[in-house]
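Visitor: Sequence first, predicted model second:
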Amino acid sequence: MNSLIKLELARALRNRKFLIFSVLYPSVLFLLIAGKADSVTKVDGTGLTIPTYMMVSMASFGALTAVLMGNSERIAKERESGWVRQLRLTTLPGRGYVLAKTASAAVVSLPSIVIVFVVAAAVKHVRLDAWQWLALTGAIWAGSLVFAALGVAIGYLATGDAVRPITMIIYFGLSMLGGLWMPATTFPQWLQNIAKWLPTHAYAALGQAIEQSQAPHAKDIAILAVFFALFAGGAAWLYRKDTLKA
């Protein structure tokens, strides 16, 4: 299993196009959205300035990009190429394959988080205590496991041709409706009511609570836990189903 994890890490780091997209894209979006915002105006209902609010949103978006886009397409293509079938002939347990995919995605997601933080601090002068920077990094990185599980599930659900459009619809839908691209407080009330129950909204809320020196809300943690159980359970069921077909 360790050998497969090393192989997956090497493959992830060699994929320069994906690295540029997942690592730099969130920082570019942050500058486009918060670049002209001042450091005084606050987002309604949050107590955070626009740069501070969007920093967490874009860091979360970057982690989401790395673990969701990377896992789903790679797994679907490996299923079609027969690579997954070959691995089943070895002593590698199913959880080892999933763990290797999650580990490689996590390696890519961490730089995307850190670069957004560096850009926000250097360009928009976002200032936080040391413990907040560390807590933000840990919370956003750990929370990305929810979407890593979703990526695995999509990879086993969709074919190689269909995986990209399915992933993109889910990816952009969760990002926009969850308030990662713009504050959910700007949505109509009925849409805000929906957004509050999405995992992306709860995901960003973890970081926003830390920025306000508060403990994450129990509701947000519960939402993420429930979605992780659903996504991981779905991925496990789809994996077993795919194994029976082989």
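Guide: Happy to help now that I have it. Keep in mind that what you see is a predicted model, and the values were worked out from it rather than measured.

Visitor: Helices of this structure, start to end?
Guide: Along the chain, counting by DSSP state H, helices occupy 2-14, 16-19, 25-34, 50-64, 70-81, 83-88, 94-123, 130-157, 163-177, 189-195, 199-211, 218-245.

Visitor: Of all these, which one is nearest residue 42?
Guide: helix 50-64 (7.7 Å; CB to CB). In this view, the C-beta of every residue, glycine as well, is placed from N, C-alpha and C.

Visitor: measure residue 128 to residue 22 for me?
Guide: Per CB to CB, to the nearest Å, residue 128 is found 24 Å from residue 22.

Visitor: Look at those two and report which has more neighbours.
Guide: The residue with more neighbours, out of residue 128 and residue 22, is residue 22; 26 against 18, by other CB atoms under 10 Å.

Visitor: check contacts around the more buried one.
Guide: With contacts defined as CB atoms under 8 Å, 6 or more residues apart in numbering, the neighbours of residue 22 are 62, 65, 66, 69, 70, 108, 109, 112.

Visitor: Export those as JSON lines, with columns for distance to residue 153, pLDDT and neighbour count.
Guide: As requested, the contacts of residue 22 are exported to JSON lines (distance: CB to CB, whole Å; pLDDT from 0 to 100; neighbours: other CB atoms under 10 Å):
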{"residue": "62", "distance to residue 153": "21", "pLDDT": "89", "neighbour count": "31"}
{"residue": "65", "distance to residue 153": "17", "pLDDT": "87", "neighbour count": "24"}
{"residue": "66", "distance to residue 153": "16", "pLDDT": "83", "neighbour count": "31"}
{"residue": "69", "distance to residue 153": "14", "pLDDT": "80", "neighbour count": "22"}
{"residue": "70", "distance to residue 153": "14", "pLDDT": "72", "neighbour count": "29"}
{"residue": "108", "distance to residue 153": "19", "pLDDT": "75", "neighbour count": "24"}
{"residue": "109", "distance to residue 153": "17", "pLDDT": "82", "neighbour count": "27"}
{"residue": "112", "distance to residue 153": "22", "pLDDT": "86", "neighbour count": "29"}
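
Visitor: ok, the closest residue to residue 207 other than its chain neighbours to residue 139 distance?
Guide: Nearest residue to residue 207 in three dimensions, chain neighbours excluded: residue 56, at 3.6 Å (CB to CB, 6 or more residues apart in numbering). Separation of residue 56 from residue 139 (CB to CB): 9 Å.
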